[in-house]
Every structure is written in structure tokens, then in C-alpha cells.
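1. would you be able to build a 3D model of this:
(chains A and B)
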Amino acid sequence: MAAAGQPALSQALDRMWNRFLPEIEERIAILETAAAEFAALTLSTEQCEAATSAAHKLAGVLGIFGLARGTDLARELENLYSRPNGPEPAIGARLASLAAELRTMIESRR
Amino acid sequence: MAHKILIIDDEEDIREVAALSLETVAGWDVVMANSGAQGLARAIEYQPDAILLDVMMPGMDGPTTFRELRKNPATARIPVLLLTAKVQSSDQRRFADLGVEAVLFKPFDPLTLSTQIASVLGWN
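-> As a prediction, this is how the structure comes out:
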């Protein structure tokens, strides 16, 4: 194998983070919208599916950039949104707080 | 000679980071495809040493793409490693039962991804 340059890889990953940050923020915005719609009892099936997909993608990518906690939060959201009948009414506040924590985490990584 | 890897994933960020990791850490040559259909074509054209295949993709998903790769004599013997963000054990069993070389999980560690692949394929 070629010599593994950890500093070079870290720098390249930072550049990639900045490149893909808009996409990551877009996924978080989908989760924030879904949480708000859920609280307002207006979450549609399409929005629920979009939230499931956004959470799934975030779960897969955040840990790659060193945000293991972000992967855990996104995975919890994916599980909540992907239940057969959507999230249970009692966890509305949890949906919002998970999305908010993700947002804070992303902003602190900048 | 550097190993040649085909990465098939619809998510650009995952694709690009995996490619960066394999190129930077291991010095392998990477070819990318953003869908199962494109992946099948690239596998035939480039004859990679191994394929890293995402499970959840719109259109042709990973398992379907894998079956198509196995049906085609030109790609039937190329080792395939599935890449998934699904962590439930039922999913893991289902994927392993397909007959792939290994199931790798997202998020992967960019520093050790190539070591994982090399270990599975006996390239160490």
C-alpha cells in the first residue's frame, strides 16, 4: 500500500466537508421542517419519507467526518420516522430536539 | 500494481470520500458510478479488482445490481463488498446471504477503509 498520509487525508476531508456542507445542511433542514410539521399535525407521508431518507443519509456520512454522535442522532431519527405509521405522537419534542442538536453539531464543525 | 476499485453509490459525498480514502491511503485506482445501471456498465468496461456497492439506491438497488453483476460472465467473478448504513441484524443477515464477499458499514473510517477491504480480499 502507498504511504498513508493521515495529515493529508485529514486536510482533504476538511475540504470535502466544506464542499458537501450545503447538502448536509439541506438534509438537516428537511428534518427541522418535518419536526415542525409533525408538531403542527400536518406531517405528510411524503415529508415523513423525505425525513427518513435525509436521516439515513446523515447517519451514513456524519461519522465519516468524525461526528460519531451525529450518526447516532440521525440513526435515532431514521428509526422514529420509519415506523410503519410514522412517529408516535408522544415523541414530537424529541424529533425537534434531535434535529436541533444535529444543527448545533454541524455548525460547531465549521 | 495498484488495485482498481469501482465504487457504486448514489450519494456523491460518500462516493467522493471513499474514493479519496482509497486513493490517498492505499494508492489504489478508483472508478466511480452513481447508479446501479452505470455501475454495471463501468464494471464491464474497467474490469475492477473489486466493487464497493451501496445497498440503498434509487432505481436499481445494491442487491439487484449485485445479482446483475453475477449474471454477466464479464463481471460474474469480480468480488463485491456491500456498503450499508443499515445496522439492524436482520438486514445484515439478508445482505450476507446474497453471497457478497463482505458487508461494510457506513459510516466507515476513511483511514482504515482500504485495510478493511484488503483484509477481506486477502490483499495484505
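2. how close does the residue nearest to residue B:54 when sequence neighbours are not counted get to residue B:90?
-> The spatially closest residue to residue B:54, leaving aside those adjacent along the chain, is residue B:9, at 3.9 Å (CB to CB, 6 or more residues apart in numbering or on different chains). C-beta: built from backbone N, CA, C; applies to glycine. According to CB to CB, to the nearest Å, residue B:9 and residue B:90 sit 22 Å apart.
3. got the residues of chain A near chain B?
-> With CB under 8 Å from any CB of the partner chain as the criterion, chain A meets chain B at residues A:1-2, A:4-6, A:8-9, A:12-13, A:16, A:19-20, A:23-24, A:56-57, A:59-65, A:68, A:71, A:75.
4. among the residues you listed, name the buried ones.
-> A:4, A:9, A:12-13, A:16, A:20, A:24, A:56-57, A:59-65, A:71, A:75 (16 or more other CB atoms under 10 Å in any protein chain shown).
5. please narrow these to those residing in helices.
-> Counting by DSSP state H, these place A:9, A:12-13, A:16, A:20, A:24, A:56-57, A:59-62, A:71, A:75 in helices.
6. in TSV: those residues, plus pLDDT.
-> Formatted as TSV, these follow (pLDDT from 0 to 100):
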residue	pLDDT
A:9	88
A:12	92
A:13	93
A:16	94
A:20	96
A:24	97
A:56	94
A:57	95
A:59	96
A:60	95
A:61	96
A:62	96
A:71	96
A:75	95
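7. so which of those comes closest to residue A:46?
-> residue A:56 (15.6 Å; CB to CB).
8. and for the residue lying closest to that closest one once chain neighbours are set aside, the neighbour number?
-> In space, not counting the residues next to it along the chain, residue A:56 is nearest to residue A:78; the distance is 4.9 Å by CB to CB, 6+ apart. Look at residue A:78: counted by other CB atoms under 10 Å in any protein chain shown, it has 23 neighbours.
9. and the helix or strand encompassing residue A:78, which residues are buried?
-> In the assignment (DSSP states H and E), residue A:78 maps to helix A:68-81. Residues of helix A:68-81 classed as buried: A:70, A:71, A:73, A:74, A:75, A:76, A:77, A:78, A:79, A:80, A:81 (neighbour count, 16+ other CB under 10 Å).
10. do the same with stretch B:31-48
-> Taking 16+ other CB under 10 Å as the criterion, stretch B:31-48 shows B:31, B:32, B:33, B:34, B:35, B:36, B:38, B:39, B:40, B:42, B:43, B:48 as buried.
11. save these as CSV, and put in secondary structure too.
-> Shown next, in CSV, are these (DSSP: H, G, I helix; E, B strand; the rest coil):
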residue, secondary structure
B:31, strand
B:32, strand
B:33, strand
B:34, coil
B:35, coil
B:36, helix
B:38, helix
B:39, helix
B:40, helix
B:42, helix
B:43, helix
B:48, coil
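12. in stretch B:54-63, what counts as buried?
-> In stretch B:54-63, counting by 16+ other CB under 10 Å, buried: B:54, B:55, B:56, B:57, B:60, B:62, B:63.
13. which residues touch the spatially most central residue of chain A?
-> Nearest to the mean C-alpha position of chain A, by CA atoms, centre = their mean, lies residue A:58 at 3.9 Å. When contacts are counted by CB atoms under 8 Å, 6 or more residues apart in numbering or on different chains, residue A:58 is found next to A:24, A:27, A:28, A:31, A:70, A:71, A:74, A:77, A:102.
14. tell me the one among these nearest to chain B.
-> Nearest to chain B out of the contacts of residue A:58 is residue A:71 (CB to the nearest CB; 5.4 Å).
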